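Q: Mind folding the following:
(chains A and B)
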Amino acid sequence: MLLSEKLNLIDGDFLTADTNVITPPRRSEIIEDLQTDILRLQGFKSFNNAAVDGGLGPIRSAFPNATFPLGAVHEFLSEKSEDESASGGFIAGLLATLMGSSGAALWISSCRKIFPPALKAFGIQPDRFIFIDLQKEKEVIWAMDEALKCGALTAVVGEIQNISFTESRRLQLAVEQSLVTGFILRNNFRKLNTTACVSRWRITPLPSESIDELPGIGFPKWRVELMRVRNGRPGVWDIQWIDGKFRPVHKLSTTSEGKQKKAG
Amino acid sequence: MEKRFVSIWFRYLSTDWFSLRQPHLKNLPFVLRTPSHGRMIITATNARAEMCGITCGMVLADARAIVPELEVQDDKPDLTDKLLIRLAEWCIRFTPVAAVDPPDGILLDVTGCTHLWSGDEFYLKEIVKKLNERGYDVRAAIADTMGAAWAVARFGNETLVPSGMHSEALMSLPPEALRLEADTVARLHKLGLRQVRQFISMPRTSLRRRFGEHFLHRLDKALGQEMEMIEPVRPVEPYQERLPCLEPIVTSTGIEMALQQLLETLCHRLQQEQKGLRSAVFKGYRVDGKIEQIGIGTNRPSHHVKHLFKLLELKLSTIEPALGIELFVLEAPKVEDHFAKQEKVWEGSGGLEDERLSELLDRLASKIGTQSIHRYVPDEHYWPERSFKQTSSLDEKLSTTWRIDKSRPLQLLPNPEYIEVTAPIPDYPPLLFRYKGKLHTIVKADGPERIEQEWWLQQGQHRDYYRVEDEDGHRYWLFRLGHYHDETFQWFIHGFFA
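A: Next comes the predicted model:
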């Protein structure tokens, strides 16, 4: 059905449009259809086979179409090494389902601290990761741009402190062609500027819960703040990483600002 | 490396060819004839005719007198030459260096090839078997020199001459085995020299006086004292393309065009031969005699023009044409097999095997250097810094699995950092620690996990690792270096858990 026809239907003159329709589609259905159409026109591709689930649960409702946007660039903010580690863990959890058993990913950084064997605990084969260690931030952005154009990769993670709007726009354009998912880790950023990234996250570690009243450290637990998401609803959630899956603890609040914000 | 040669002797080359086309000739005495001085001369016979006593060079009428039912056909000029070239090309499956040895043989340089057929014996058997299956009656011999292989193939009993035994093998052969002219052979027989061993120890001066310089050359070649060149039917060309220019090239556009053209011809050839280059050198010969050159390397063999052009293009700016470049040369010093992959029905998700990934890494490596690209595989060590090792290849498989039984921090500091700690004695986890000026109160802790130094690799004290969580929920990996009661111990922070 053409977009204009659907718009006509909402306007109420669907009876004149086609009298043979036995049960005319309800208004809400049409609007839902239209929304998915608009998302498609805006470049959101639906990946039926590779949708990230991994127990994201309520967080998924924040995304357009209730699917984690692939083929887009996501931005993660962190201020301290502890936050950076938590962001790394959250990304690793997302990547585990994304990469599956055969995917490959790149980790580009100018001051890499990631410890490859630890990725295995998040369900990733660390040998499927290729680490690119560079000297300058500019080189990281260049390498990330090149890598995001390569359709053979599942995802590219780049540790970039400061990125300008133009640079982020370039990355976004690169992924629109190749449908690779990009993650930018911004530790100790200088200025919180506007970027063309599809979402902005902040992951902070939370005290872990004891397992069955036993002493010692429990499963990793994080506060996931989705500060901004294009065509979605930002929110704050607490989640745990248990047995290779995200387990949401409980939802704190829906939209922090009360209404949806447009990013980029 | 010790050279090895195979000589193949086609005993009835042209008659075999006729019998292949007319199978009924196989079981009949059959000869080929050609007119000469008003008579018909026999030029080739098959095995059956030879058994009846018919030889080459006999007049046809005489042969008919011996065998009245003799089958006769006209010989084709140049047939044997063409056949030998074709057969030599076919023999390239056994060795890249195959040569024609007219009038009735093929020579192969099989140095370093026979082990692929698990040894000389099987190699030789395989050649003979394959040629027999094709319908040719052959004898093949293997020896250290071409002369010896030739001699043994035609006159020897044992066709496999072990390495270094070629002179012994020649001893009992008749003088014909040395590839001599007919009159020299006749003279040798006249003198009663019917075996090589009878004259091999004679003084060289007298041999030269009686039989000429040529005789000595032949003898030396058979014994391996003189080098003999083999002229391959299809020479192994180096992977190199040249582009001379009428006018010296000074512009970058011109250089790019030259590169593009050279790449296209080289890659076309590589594609035909199912090869891909691992490294390439592009040279420009300048008018003033200097040579400008750039080089690239690839992660996997490639004959993809666009990709290779992109790699070289990044370095083109370093070429200084000065007064102009008059000759461009593109070389591929390192070439490997590259087989075309089967097309996938579904577009795969890529992965490490994908060619696009290795092309991406080539591009990155050409700008930032290969030393910045790392891939890790697990290593069998408990010491955290040694629990993984770097690999340069995308195809290296894991020799051991990644361990997950012990919890490891997602972020590891390149060097453990010194911290101030308050800890109860002797082996309890710390209560407080100060890192970068901030005081952390530890709420939960796991440990200790003792990791000993591997004394055969490095001397030093062991580490007792603790996983701790502070009141903000931040998780750290701390360790104490050394025993508590030594009082020389120190506390360090080594990583951050997710």
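
Q: Within the helices and strands, which one has whatever residue of chain A ends up closest to chain B?
A: Proximity of chain A to chain B (CB to the nearest CB) peaks at A:G89, 2.6 Å away. Where you see a C-beta, it was placed from the backbone N, CA and C, and this is true even at glycine. Assigned by DSSP states H and E, A:G89 belongs to helix A:81-99.

Q: Kindly report the same for B:A153.
A: Going by DSSP H and E, B:A153 is in helix B:146-155.

Q: packing partners for that helix?
A: Applying 3 or more CB pairs under 8 Å, 6 or more residues apart in numbering or on different chains; DSSP states H and E, one finds that helix B:146-155 makes contact with strand B:5-10, strand B:105-109, strand B:138-143, helix B:166-171, helix B:213-223.

Q: picking that back up, wait, isn't the residue of chain A closest to chain B in contact with A:W222?
A: Yes: the criterion here is CB atoms under 8 Å, and A:G89 meets it with A:W222 at 7.1 Å.

Q: So for those two, which residues contact both of them?
A: Residues touching both A:G89 and A:W222 by CB atoms under 8 Å, 6 or more residues apart in numbering or on different chains: A:I203, A:W241, B:A498.

Q: From those, which land in helices?
A: Applying DSSP state H to the shared contacts of A:G89 and A:W222, no entry is found in helices.

Q: now those residues as JSON lines including neighbour count, pLDDT and distance to B:H440?
A: Below are the shared contacts of A:G89 and A:W222 laid out as JSON lines (neighbours: other CB atoms under 10 Å in any protein chain shown; pLDDT from 0 to 100; distance: CB to CB, whole Å):
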{"residue": "A:I203", "neighbour count": "24", "pLDDT": "93", "distance to B:H440": "20"}
{"residue": "A:W241", "neighbour count": "24", "pLDDT": "88", "distance to B:H440": "22"}
{"residue": "B:A498", "neighbour count": "26", "pLDDT": "85", "distance to B:H440": "17"}
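
Q: what's the closest of the residues you listed to B:F155?
A: Using CB to CB, B:A498 comes nearest to B:F155 of the shared contacts of A:G89 and A:W222, at 80.4 Å.

Q: Give me the spatial nearest neighbour of the closest one, chain neighbours excluded.
A: In this structure, B:A498 finds its nearest non-sequential neighbour in A:G89, 2.6 Å apart by CB to CB, 6 or more residues apart in numbering or on different chains.

Q: do B:Y136 as well
A: Looking at B:Y136 with CB to CB, 6+ apart, the closest residue is B:D16, at 5.0 Å.

Q: Which pLDDT does the model give the one you found?
A: pLDDT, B:D16: 89.

Q: distance of it from B:L481?
A: The span separating B:D16 from B:L481 equals 83 Å under the rule CB to CB, to the nearest Å.

Q: neighbour-wise, which of the two wins?
A: More neighbours surround B:D16 than the other of B:D16 and B:L481, with 22 against 17 (other CB atoms under 10 Å in any protein chain shown).

Q: And for the host helix or strand of the more buried one, what's in contact with it?
A: Here B:D16 sits within helix B:13-21, counting by DSSP H and E. Outside helix B:13-21, the residues that touch it by CB under 8 Å, 6+ apart are B:10, B:25-26, B:30-32, B:43-46, B:73, B:75-76, B:79-80, B:83-84, B:104, B:135-137.

Q: which residue does the stretch 151-300 of chain B bring closest to chain A?
A: Counting by CB to the nearest CB, the stretch 151-300 of chain B gets nearest to chain A through B:N299 (10.6 Å).

Q: that's a strand at that residue, yeah?
A: Yes: counting by DSSP: H, G, I helix; E, B strand; the rest coil, B:N299 is located in a strand.

Q: What count of nearby residues applies to it?
A: For B:N299, using other CB under 10 Å, the count is 20.

Q: Then B:W117?
A: 16.

Q: what's the burial count for A:T194?
A: A count of neighbours around A:T194, defined by other CB under 10 Å, yields 12.

Q: picking that back up, and the residue nearest to B:A498, how many residues sit next to it?
A: Neighbours of A:G89 using other CB under 10 Å come to 25.

Q: Now do the contacts for it.
A: A:F122, A:I203, A:P220, A:W222, A:W241, B:L410, B:F497, B:A498 are the contacts of A:G89 under CB under 8 Å, 6+ apart.

Q: repeat that with 10 Å
A: A:118-119, A:121-122, A:203, A:205, A:220, A:222, A:241, B:410-411, B:475, B:496-498 (CB atoms under 10 Å, 6 or more residues apart in numbering or on different chains).

Q: and the residues you listed, which of them are in helices?
A: Among the contacts of A:G89, no member falls in helices (DSSP H).

Q: which stretches of the chain form helices?
A: Answering for chain A, as no chain was given. A:3-11, A:14-17, A:27-41, A:81-99, A:137-148, A:165-178.

Q: wait, chain B
A: B:13-21, B:47-51, B:60-66, B:79-90, B:120-133, B:146-155, B:166-171, B:182-190, B:196-199, B:204-211, B:213-223, B:252-272, B:305-316, B:355-368.

Q: And the shortest one, how far out from the chain middle?
A: In this case it means helix B:196-199. 41 Å (CA atoms, centre = their mean, to the nearest Å).

Q: Check which helices and strands that helix sits against.
A: helix B:166-171, helix B:182-190, helix B:204-211, helix B:213-223 (3 or more CB pairs under 10 Å, 6 or more residues apart in numbering or on different chains; DSSP states H and E).

Q: what would those helices look like in CSV with mean neighbour count and distance to A:Q172?
A: Below are the helices and strands packed on helix B:196-199 laid out as CSV (neighbours: other CB atoms under 10 Å in any protein chain shown; distance: least, CB to CB, whole Å):
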stretch, mean neighbour count, distance to A:Q172
helix B:166-171, 19, 73
helix B:182-190, 14, 86
helix B:204-211, 13, 85
helix B:213-223, 18, 73
